[in-house]
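J.: Pasting the sequence and the predicted coordinates here, then a few questions.
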Amino acid sequence: MSAICQVTGRKPSFGKTVSHSHRRTSRRWNPNVQRKKFYLASEGRTITLTVSPKGLKTIDKLGIDAVVAQIRARGEKI
């Protein structure tokens, strides 16, 4: 599962971990993405999306049908 939110587009960010001796090593911060199932009443089926908590808030605010329309307008297949 890739760590990219399908609603908000959040991706991993990269940076450095700095130790006490100031040695730097590369690291990656993954967003908190989860696989969630949603029921699309307009199509009569369930879909599975990879969403972050902010994506869930967006779905609560706009509704699943509007969010799915935005995802499809970007060209993603659901």
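T.: Thanks, I have the structure now. Residues are numbered from 1 along each chain as shown.
J.: In three-state terms, label Lys54 for me.
T.: helix (DSSP: H, G, I helix; E, B strand; the rest coil).
J.: so what's it up against?
T.: 5, 7-8, 10 (CB atoms under 8 Å, 6 or more residues apart in numbering). In short, each C-beta sits where N, CA and C put it, glycine included.
J.: now with 7 Å?
T.: Thr8 (CB atoms under 7 Å, 6 or more residues apart in numbering).
J.: how close does it sit to Val7?
T.: 8 Å (CB to CB, to the nearest Å).
J.: Kindly report the same for Glu76.
T.: Distance from Glu76 to Val7, counting by CB to CB: 10 Å.
J.: Compare these two (neighbour count), which wins?
T.: The neighbour comparison of Glu76 against Val7 (other CB atoms under 10 Å) goes to Val7, with 21 against 11.
J.: mind listing what the more buried one touches?
T.: 49, 51, 55, 58-59, 67.
J.: Among those, the buried ones, what's the ChimeraX command?
T.: Here is the ChimeraX selection string for the buried members of those, based on 16 or more other CB atoms under 10 Å:
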select :49,51,55,58,59,67
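J.: Now for the contacts of Val7: which two are most distant?
T.: Spanning the widest gap among the contacts of Val7 are Leu49 and Thr58, at 11.1 Å by CB to CB.
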